[in-house]
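Undergrad: Everything below, folded, please.
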Amino acid sequence: MAHIDPHGPTHGAYLSGQLLIAMPGIGDPRFERAVVLVCAHDDEHAMGLTVNRPVDGLMLADLLERLEIEPDSESASGLDDPILIGGPVERERGFVLHTSDYRNESSLPVGEGLALTATREVLEVLAHGQGPRRSVMALGYAGWGAGQLEQELRDNVWLTCAADEVLLFGDDHDHKWSNALAKLGIDPGLLSAAAGRA
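TA: Numbers count the residues shown, from 1 in each chain. Got it, this is the predicted structure:
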């Protein structure tokens, strides 16, 4: 699990807590039709988690078993939830995105009512049914260097919209991209596959 500094420069900055919606023709198959929550964004970098790409056949119960965390079968919830591919960077690192009703000293606030925790402790809490109201586990993350995300936004590679719990935690992964576009009033069938580089 990764260590996240909750007091670092990324707290509350820029697009943190917003969703990025990949435009058609993004040119990177890793992000085709992706919906990415921006978890941290400042002058130096941006970091996000893709919320609509489940790992094929990997559930939270499987991950807990691999980590030798024994769930309390009476109170554990979400054991059948899929693990998501958070992004192409450091895919062995795990992150739990969750509602902010649970936090520990390592939790990073991510927008209104959300937090990101990357410690074993949050998995143990989930296994014993004492965790946050809603959560999702992701492996890896999407990362951008200084100014890179801003340039991609200027190049119309991404659209942005406010995050909501259905898009973040809902299980209809096949339709999150079109549902995110619909939230902006955009019909995906009308989007051009050519990014608008001027």
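
Undergrad: Quickly find the element holding the spatially most central residue of the chain.
TA: By C-alpha atoms, centre = their mean, the chain has its centre lying nearest to Leu49, at 2.9 Å. When secondary structure is defined by DSSP states H and E, Leu49 falls within strand 46-50.

Undergrad: immediately after that strand, which helix or strand?
TA: Proceeding C-terminally, strand 46-50 gives way to strand 54-59 as the next helix or strand, assigned by DSSP H and E.

Undergrad: In terms of secondary structure, what does that next one contact?
TA: For strand 54-59, the contact count by 3 or more C-beta pairs under 8 Å, 6 or more residues apart in numbering; DSSP states H and E identifies strand 82-85 as packing neighbours. Where you see a C-beta, it was placed from the backbone N, CA and C, and this is true even at glycine.

Undergrad: And the strand it packs on, what does it pack against?
TA: Contacts defined by 3+ C-beta pairs under 8 Å, 6+ apart place strand 82-85 against strand 46-50, strand 54-59, helix 60-66, strand 135-144.

Undergrad: hmm, back to that, quick one: the residue nearest to the residue nearest to the centre of the chain when sequence neighbours are not counted from Asn52, how far?
TA: In space, and not counting its chain neighbours, Leu49 is closest to Gly86: 4.2 Å by C-beta to C-beta, 6 or more residues apart in numbering. In this structure, Gly86 and Asn52 are separated by 11 Å, where distance is defined by C-beta to C-beta, to the nearest Å.

Undergrad: higher neighbour count, the two?
TA: For Gly86 versus Asn52, neighbours defined as other C-beta atoms under 10 Å are more numerous around Gly86 (29 against 23).

Undergrad: doesn't Val136 make contact with that one?
TA: No. Proximity of Gly86 to Val136 does not meet the contact threshold set by C-beta atoms under 8 Å, at 9.4 Å.

Undergrad: host element of Cys161?
TA: Counting by DSSP H and E, the element that carries Cys161 is strand 158-162.

Undergrad: for the helix or strand just after that strand, packing partners?
TA: With elements assigned by DSSP H and E, the helix or strand that comes after strand 158-162 is helix 165-169. Contact here means 3+ C-beta pairs under 8 Å, 6+ apart; on that basis helix 165-169 packs against strand 135-144, helix 176-183.

Undergrad: same thing but at 6 Å, please
TA: Using 3 or more C-beta pairs under 6 Å, 6 or more residues apart in numbering; DSSP states H and E as the contact test, no helix or strand touches helix 165-169.
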